[in-house]
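Chemist: Predicted model and sequence follow; I will ask about them next.
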Amino acid sequence: MVLKQTLLALETLDSAYVTGEIVKELFSEYPNVEVTVTTVTGEKGSTDFIKILVPGTNGKTNGGTVPTFGIIGRLGGIGARPSRIGLVSDADGAIAAIASALKLADMQVKGDHLQGDVIITTHICPNAPTRPHEPVDFMDSPVDILTMNKHEVTSDMDAILSIDTTKGNRVINHKGIAISPTVKEGYILRVSEDLLRIMEMTTGQFAVTFPITVQDITPYGNGLYHINSILQPAVATHVPVVGVAITAQSVVPGCGTGASHETDIADAVRFAVETAKEATNGTCQFYSDAEFSQITELYGSMKKLQTMGEKASQQ
């Protein structure tokens with residue numbers, strides 16, 4: 001169902017010459033899809049941020065009121081050239097995001113329109129740096145995490161799936177995909193029952209989740225250990241965010257090549273597309289609004305976990 005789009009995205013990104021404009025061309029045959037590319041230069045190079053809007057029949061772009069769904073492909077870079085040749089494991093998030101957008105766009109021209117808008121964002125960098133991390137090295141990015149969030153998290157998104165390769169650890173020993181608990185405004189909430197149902201339906205297997213800690217939902221740069229950047233979008237928004245991890249049984253470095261598995265990425269794409277359908281149709285909830293209201297009444301705001309902390313605010 002989505003393997004064609006996954007392979008197309010993978011083949012397109014597996015190039016030393018790929019740019020955001022080249023990715024944009026993949027959507028030239030879809031007149032209703034809006035694609036914008038923004039090149040941003042940082043201390044370690046440049047990258048092309050890409051934003052894809054697939055409008056819904058009753059979405060905000062058409063004057064409607066249906067919530068907007070966000071899909072973010074999280075990564076440092078799709079390649080580590082010149083030190084590594086080829087597509088790196090970290091590219092999986094970008095591949096999944098682009099493939100999800102291609103599938104949603106293709107659905108429209110075949111008459112299957114979602115009610116709400118879907119916004120897909122990621123960035124394209126075939127020559128990103130690497131950085132040390134335990135237990136294996138990670139991909140770094142030409143720009144900092146604040147810049148990433150600025151371009152990948154939009155104010156229109158009402159719920160977000162953040163897709164990221166999450167293989168460089170010893171806490172997830174499963175090949176395929178796994179989802180996180182819902183994160184909202186500094187709170188780690190229960191895993192969404194609706195997302196568990198959708199995951200079991202789209203993978204044909206028991207649902208798999210992965211643990212996250214308070215450290216993981218705080219901003220990068222505060223000196224704390226993070227499993228990776230999968231939940232960094234949660235520090236830049238008040239809406240619920242769920243991480244979709246593309247995983248492995250073994251420990252795989254983010255800068256490793258030959259480690260992207262097409263069928264695993266396709267699982268993430270299928271899950272993202274079906275979640276987009278249900279979230280914009282009102283049949284999938286990321287969290288219980290009543291329970292969130294109760295926990296904040298009992299224990300107060302945890303928004304300080306979305307900041308750099310008290311010491312930073314005093315400087």
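Modeler: Structure's in. What do you need? Numbers count the residues shown, from 1 in each chain.

Chemist: rest of the way, CA atoms for contacts and neighbours
Modeler: Noted.

Chemist: Select the longest helix from this protein.
Modeler: helix 262-281 (DSSP state H).

Chemist: buried ones in that one?
Modeler: 264-280 (16 or more other Cα atoms under 10 Å).

Chemist: With stretch 243-255 instead?
Modeler: Residues of stretch 243-255 classed as buried by neighbour count (16+ other Cα under 10 Å): Gly243, Val244, Ala245, Ile246, Thr247, Ala248, Val251, Val252, Pro253, Gly254, Cys255.

Chemist: So which of those residues belong to strands?
Modeler: Residues of the buried residues of stretch 243-255 located in strands (DSSP state E): Gly243, Val244, Ala245, Ile246, Thr247.

Chemist: ok now do the second one, which residues does it touch?
Modeler: So that's Val244. Leu161, Ser162, Ile163, Asp164, Ile177, Ala178, Ile179, Ser180, Ile230, Ala268 (Cα atoms under 8 Å, 6 or more residues apart in numbering).

Chemist: hang on, isn't the last one packed against Thr247?
Modeler: The one in question is Ala268. No: the pair Ala268 / Thr247 is not scored as a contact, 10.2 Å apart, by Cα atoms under 8 Å.

Chemist: Grab the nearest non-local neighbour of Gln285.
Modeler: Asp194 (6.3 Å; Cα to Cα, 6 or more residues apart in numbering).

Chemist: Against which helices or strands is the helix or strand harbouring the one you found packed?
Modeler: When elements are defined using DSSP states H and E, Asp194 is found to belong to helix 193-203. Counting contacts by 3 or more Cα pairs under 8 Å, 6 or more residues apart in numbering; DSSP states H and E, helix 193-203 packs against helix 262-281.

Chemist: make it 6 Å
Modeler: Taking 3 or more Cα pairs under 6 Å, 6 or more residues apart in numbering; DSSP states H and E as contact, there are no helices or strands that helix 193-203 lies on.

Chemist: And Lys311, what's its pLDDT?
Modeler: Lys311 is assigned 69 on the pLDDT scale.

Chemist: What are the contacting residues of the helix or strand containing Leu161?
Modeler: Element membership for Leu161 (DSSP H and E) is strand 157-165. Residues from elsewhere that reach strand 157-165, judged by Cα atoms under 6 Å, 6 or more residues apart in numbering: 67-74, 90, 92-93, 230, 239-246.

Chemist: And the helices in this structure?
Modeler: Going by DSSP H, the chain shows helices at 3-13, 20-25, 92-109, 145-152, 193-203, 262-281, 289-299, 310-314.

Chemist: Please convert these to JSON lines, extending it with distance to Asp48.
Modeler: What follows is these, written out as JSON lines (distance: least, Cα to Cα, whole Å):
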{"stretch": "helix 3-13", "distance to Asp48": "12"}
{"stretch": "helix 20-25", "distance to Asp48": "5"}
{"stretch": "helix 92-109", "distance to Asp48": "12"}
{"stretch": "helix 145-152", "distance to Asp48": "10"}
{"stretch": "helix 193-203", "distance to Asp48": "31"}
{"stretch": "helix 262-281", "distance to Asp48": "21"}
{"stretch": "helix 289-299", "distance to Asp48": "36"}
{"stretch": "helix 310-314", "distance to Asp48": "30"}
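
Chemist: which one of these is the most hemmed in?
Modeler: Most buried of these, by mean neighbour count (mean count of other Cα atoms under 10 Å): helix 92-109, with a mean of 26.

Chemist: Could you name the helices and strands sitting against that helix?
Modeler: In terms of contacts (3+ Cα pairs under 6 Å, 6+ apart), helix 92-109 is packed against helix 3-13, strand 68-74, strand 157-165, helix 262-281.

Chemist: burial measure for Thr36, as a count.
Modeler: When counting by other Cα atoms under 10 Å, one arrives at 14 neighbours for Thr36.

Chemist: ok, the nearest residue to it once chain neighbours are set aside - contacts?
Modeler: Distance criterion Cα to Cα, 6+ apart; nearest residue to Thr36, sequence neighbours excluded, is Lys51 at 5.3 Å. In this structure, Lys51 makes contact with Val35, Thr36, Ile120, Thr121, judged by Cα under 6 Å, 6+ apart.

Chemist: rerun at 7 Å
Modeler: Lys51 sits next to Val35, Thr36, Val37, Ile119, Ile120, Thr121, Thr122 when contact means Cα atoms under 7 Å, 6 or more residues apart in numbering.

Chemist: which of these sit farthest apart?
Modeler: Across those, the longest distance by Cα to Cα is 13.5 Å; it joins Val37 and Ile119.

Chemist: Neighbour count: those two, which is higher?
Modeler: Between Val37 and Ile119, Ile119 has the larger neighbour count (other Cα under 10 Å), namely 26 against 18.

Chemist: Pretty sure that one sits against Ile71.
Modeler: Yes: using Cα atoms under 7 Å, Ile119 is in contact with Ile71, at 6.3 Å.
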